[in-house]
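*Asks:* 3D, please:
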Amino acid sequence: MDARDLRERTLDFGLRIVRLCQHLGHHNVAAVLGKQLLRCGTSVGANYRAASLAKSPADFVSKIKICEEEADEAIYWLELLIRAGEEEAARVTPLQQEAAELRNIMSASAITARKNTK
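*Replies:* Numbering: from 1, shown residues only. The predicted structure is shown next:
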């Protein structure tokens with residue numbers, strides 16, 4: 001997967017998160033969980049774009065690690081939505097899988113970048 005494909009994939013992930021959050025109820029629990037998910041889920045793509053403009057290899061690693069952390073956090077909030085009964089697992093599981101794949105890609109990118117700077 002090249003950087004352009006990953007840029008589109010992270011954008012698509014963010015859009016899917018937006019759509020899920022729009023679908024959530026408006027009561028207190030759903031609103032709070034949705035807001036947290038919206039922040040980290042859309043942050044993956046934004047931070048990936050920032051990483052692609054990194055000023056140095058160290059800056060790239062730092063920014064790509066943020067992407068990894070945000071994808072992992074999205075997995076947490078998605079799981080919490082299911083366990084709290086705010087969303088059905090069937091609707092959320094594909095997003096969890098995509099977040100896990102993105103997290104793993106970002107982690108591998110950071111490892112590769114570190115190796116290439118030595």
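*Asks:* burial count for residue 94?
*Replies:* Other residues lying near residue 94 total 11 when counted by other Cβ atoms under 10 Å. Glycine gets a C-beta too; all of them are placed from N, C-alpha and C.
*Asks:* same check, this time on residue 84
*Replies:* Using other Cβ under 10 Å, residue 84 has 11 neighbouring residues.
*Asks:* per-residue pLDDT, it?
*Replies:* The per-residue pLDDT reported for residue 84 equals 94.
*Asks:* contacts only, for the residue nearest the centre of the chain.
*Replies:* Centroid check for the chain by Cα atoms, centre = their mean gives residue 71 as the closest residue, at 3.1 Å. Applying Cβ atoms under 8 Å, 6 or more residues apart in numbering, we find residue 71 in contact with 40, 44, 99-100, 102-103, 106.
*Asks:* so which helix or strand takes in the residue lying closest to it once chain neighbours are set aside?
*Replies:* Closest residue in space to residue 71, ignoring its immediate chain neighbours: residue 103 at 3.9 Å, by Cβ to Cβ, 6 or more residues apart in numbering. Residue 103 is part of helix 89-116, with elements assigned from DSSP states H and E.
*Asks:* now do that helix: distance to the chain's middle.
*Replies:* The offset between the C-alpha centroid of helix 89-116 and the centroid of the whole chain comes to 8 Å, using Cα atoms, centre = their mean, to the nearest Å.
*Asks:* same question for stretch 43-61.
*Replies:* From the chain centre to the centre of stretch 43-61 is a distance of 14 Å (Cα atoms, centre = their mean).
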